[in-house]
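*Asks:* sequence first, predicted coordinates after that:
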Amino acid sequence: MAVAISAPGRSAYLPLGHSVLALPSPLPVDEALAVLRPLLEDPAVRKLSASGKRDRVVLGRLGAGVEGLGFDALLASYLLDPGRRTYALEDLVLEFLGERRPPGTGGVAGEDAAVEATARAAGADADAVLRLDGPMTAKLEQEGLLPVYESMEMPLIEVLADMERAGVKVDRALLVAMSRDMEAQLAALTRDIHRLAKGEFNINSPPQLREVLFERLGMKSGKKTAKTRAASTAEDVLEELALVHELPRRILEYRAVQKLKSTYVDALPELIDPATGRIHATFNQTVAATGRLSSADPNLQNIPIRTPEGRRIREAFVAEKGHRLLSADYSQIELRVLAHLSGDPTLIDTFRRGEDVHDRTSREIFGALSAIPPDEQRRIAKMVNYALLYGKTAFSLAKDIGVSRKEAEAFIEAYFGRYPRVRTFIDDTIARARETGHVRTLLGRLRRLPDLKSKSFPVRMEAERQAMNTPVQGSAADLIKRAMIDLDRELHERKLRSRLILQIHDELLLEVPEDEGEKASSLVKRVMEGALELDVPLVADAHLGRSWAEVH
DNA sequence: CTGGAAAGCGCC
DNA sequence: AAAGGGCGCTTTCCAG
């Protein structure tokens, strides 16, 4: 980390990734260093420097004496084209300033070696970012992206910084105990599997499993893998095979345990920060093409919940002593967004009446006199509701719900018959996207989709699904981001000690002092429901508990 | 030893 | 002829 002094006598800037932090100007160099030195020497900050999440941690700790965040070229370039693979500063400099920089002048500033070279590199970065401000801001303005940049993505930086710094408490002993249990389960399953396979092999290896199932035991293979067109051993194939042989069922059980153990139970304790006893994930703001956040190191947005065994992992996510966890999640956020964007009267009516949308769809497409049992009807209706959102075809819907392609087609037709504006919304969205080359969310966030004009049919179809899904998924992301920023401000204004600690797409998790539980509950619910005014009500449910497993 | 591709699967 | 949108992580396997 180095302090970059740009435009001497005017300001000092600390480069943070692709952004610059402006110190009060004019500020002499030694005063700038005085502000920053305590941060740079903070052991927690130094330790994090290798992991790449230093920038936000530093930002989260900045206090008095810092003006605020200057221009952020990373966020700007993300908003201008969120589908890009990388946003290297070099590329932005070439693109917006028409300059080629010699390789190696940028990059992450190291702590120890070659302080002077490091300072020069950081200075070059800060300088580049400052000069990108003009042209990139002009481009944001021209593309109608300035409001999202200024009122959403920039304010969100500090919210995410605080969230990462807060982290979440994890019960290490509980995970270690679970790991021992699972070890024994895997050992037993391994013995069964090798016996049934008439020989030992690596169960974790799809190629070896493929050989056992389809050659040694001569089972009939189902679908092929995407890349190598080899016989797939994926879950749905093994489910089929489980009907005729005992082995596939055991493999599925083995995989379920192995997945939970390796990805969560064994991995999470390793990521507990010894200094805080908590896990501090990184919430990436410039990865998802739709505008969603992503979480990494660890990914806390995919902690199991679906199965009872997996759900137990959430028991290890606990509140600090004297605190509770508060979870608040949107109810059917994407279907509400779809209702709003499409303007479909029936769908809007459903949400305005506070009806269960899957029940309503079930009634709409099956009518009163269907031979299918009601539970089955609702299950199908739910799948149809979501299938349409993702651009699922009758072919794959049929396989999912276990009916013929003809029947699946009939369900989809019935759906569009009852929700006609959803069909026109999808068709119009794709048609307009083909003309403009992009789609937009509620708040104007943009995603470019050049592949809509691809000569390749599958590539083109994929782009069409993205065109219909992105406004829905991306608008939902807009909503929750707005809620996070509003909530953060309200918590500060009311001087509450409750802290936002996780975001999981449609859910916010807070850690709240026991005496603030009710106050924080009603606040988070109110803020989430009022994030944006739609043609349908937004509904958020909040629950308090001692662990993440308790709050759903 | 590292890096990447592939397969598979956890979540919304 | 392909066949559900968006992510990140684990393991295996192979190349350098």
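*Replies:* It's in.

*Asks:* low pLDDT regions in chain A?
*Replies:* Residue ranges of chain A with pLDDT under 70: A:1-17, A:21-33, A:35-68, A:102-123.

*Asks:* just checking, what's the longest helix in it?
*Replies:* Counting by DSSP state H, the longest helix found in chain A is helix A:457-493.

*Asks:* what about that one, distance to the chain center?
*Replies:* 10 Å (C-alpha atoms, centre = their mean, to the nearest Å).

*Asks:* which is the succeeding secondary structure element to that helix?
*Replies:* strand A:499-503 (DSSP states H and E).

*Asks:* pull out the buried positions in that next one.
*Replies:* A:499, A:500, A:501, A:502, A:503 (16 or more other C-beta atoms under 10 Å). Where C-beta positions appear, they are placed from N, C-alpha and C, glycine not excepted.

*Asks:* likewise for stretch A:237-252?
*Replies:* So, applying 16+ other C-beta under 10 Å, buried residues of stretch A:237-252: A:237, A:238, A:241, A:247, A:248, A:249, A:250, A:251, A:252.

*Asks:* and these, which two are the farthest apart?
*Replies:* A:237 and A:250 (14.8 Å; C-beta to C-beta).

*Asks:* run a quick neighbour tally on residue A:191.
*Replies:* The burial count assigned to residue A:191 is 11, neighbours taken as other C-beta atoms under 10 Å.

*Asks:* show me the contacts for the residue of chain A positioned farthest from its centre.
*Replies:* Distance from the centre of chain A peaks at residue A:198, with 42.8 Å (C-alpha atoms, centre = their mean). Residue A:198 sits next to residue A:216 when contact means C-beta atoms under 8 Å, 6 or more residues apart in numbering.

*Asks:* so what does it have for phi and psi?
*Replies:* When read as degrees, to the nearest 10, the backbone of residue A:198 gives phi 60, psi 40.

*Asks:* cool, residue A:205 as well?
*Replies:* According to degrees, to the nearest 10, residue A:205 has phi -100, psi 110.

*Asks:* so it versus DNA strand C, what's the distance?
*Replies:* 3 Å (C-beta to the nearest atom of the strand, to the nearest Å).

*Asks:* contacting residues for that residue?
*Replies:* Going by C-beta under 8 Å, 6+ apart, residue A:205 touches no other residue.

*Asks:* ok, so of the buried residues of stretch A:237-252, who is nearest residue A:328?
*Replies:* Proximity of the buried residues of stretch A:237-252 to residue A:328, judged by C-beta to C-beta, is greatest for residue A:252, which lies at 34.2 Å.

*Asks:* would you agree the closest one is in contact with residue A:235?
*Replies:* Yes: counting by C-beta atoms under 8 Å, residue A:252 touches residue A:235, with 6.6 Å between them.

*Asks:* buried sites along stretch A:492-511?
*Replies:* So, applying 16+ other C-beta under 10 Å, buried residues of stretch A:492-511: A:496, A:498-511.

*Asks:* same question for stretch A:443-458.
*Replies:* Quick answer for stretch A:443-458 (16+ other C-beta under 10 Å): A:443, A:444, A:445, A:446, A:447, A:448, A:449, A:451, A:452.

*Asks:* out of those residues, which are inside helices?
*Replies:* Per DSSP H, the subset of the buried residues of stretch A:443-458 in helices is empty.

*Asks:* same list, those residues, but as JSON lines with distance to residue A:490 please.
*Replies:* Converted to JSON lines, the buried residues of stretch A:443-458 look like this (distance: C-beta to C-beta, whole Å):
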{"residue": "A:443", "distance to residue A:490": "20"}
{"residue": "A:444", "distance to residue A:490": "24"}
{"residue": "A:445", "distance to residue A:490": "24"}
{"residue": "A:446", "distance to residue A:490": "29"}
{"residue": "A:447", "distance to residue A:490": "30"}
{"residue": "A:448", "distance to residue A:490": "35"}
{"residue": "A:449", "distance to residue A:490": "36"}
{"residue": "A:451", "distance to residue A:490": "41"}
{"residue": "A:452", "distance to residue A:490": "41"}
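
*Asks:* among these, which two are most distant?
*Replies:* So for the buried residues of stretch A:443-458, where distance means C-beta to C-beta, the most widely separated pair is A:443 and A:451, at 23.8 Å.

*Asks:* quick one: contacts for the residue nearest the centre of chain A?
*Replies:* Centrality entry for chain A: nearest residue to the mean C-alpha point is residue A:294, 3.3 Å, by C-alpha atoms, centre = their mean. When the contact criterion is C-beta under 8 Å, 6+ apart, the partners of residue A:294 are A:283, A:284, A:287, A:288, A:301.

*Asks:* of the buried residues of stretch A:443-458, just say which sits nearest to residue A:228.
*Replies:* residue A:451 (23.7 Å).

*Asks:* residue A:467 is in contact with the closest one, correct?
*Replies:* No: if you go by C-beta under 8 Å, residue A:451 and residue A:467 don't touch, sitting 9.4 Å apart.

*Asks:* would you map the strands across the stretch 101-250 of chain A?
*Replies:* Along the stretch 101-250 of chain A, counting by DSSP state E, counting those that start in this stretch, strands occupy A:168-170.

*Asks:* near DNA strand C, which residues of it?
*Replies:* Contact residues (C-beta under 7 Å from any atom of the strand) of the stretch 101-250 of chain A with DNA strand C: A:202, A:204, A:205, A:207, A:208, A:226.

*Asks:* before we move on, what about the stretch 351-500 of chain A?
*Replies:* Near DNA strand C, when you scan the stretch 351-500 of chain A using C-beta under 7 Å from any atom of the strand, you find A:383, A:386-387, A:390-393, A:395-397, A:400, A:457-458, A:461-462, A:465-466, A:469-470, A:473.

*Asks:* are any of those buried, and which?
*Replies:* Counted by 16+ other C-beta under 10 Å, those give A:383, A:387, A:391, A:392, A:397, A:462, A:465, A:466, A:469, A:470, A:473 as buried.

*Asks:* can you list those in JSON lines and add distance to residue A:419?
*Replies:* Listed next are those as JSON lines, based on distance: C-beta to C-beta, whole Å:
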{"residue": "A:383", "distance to residue A:419": "15"}
{"residue": "A:387", "distance to residue A:419": "13"}
{"residue": "A:391", "distance to residue A:419": "15"}
{"residue": "A:392", "distance to residue A:419": "15"}
{"residue": "A:397", "distance to residue A:419": "16"}
{"residue": "A:462", "distance to residue A:419": "24"}
{"residue": "A:465", "distance to residue A:419": "18"}
{"residue": "A:466", "distance to residue A:419": "21"}
{"residue": "A:469", "distance to residue A:419": "16"}
{"residue": "A:470", "distance to residue A:419": "20"}
{"residue": "A:473", "distance to residue A:419": "19"}
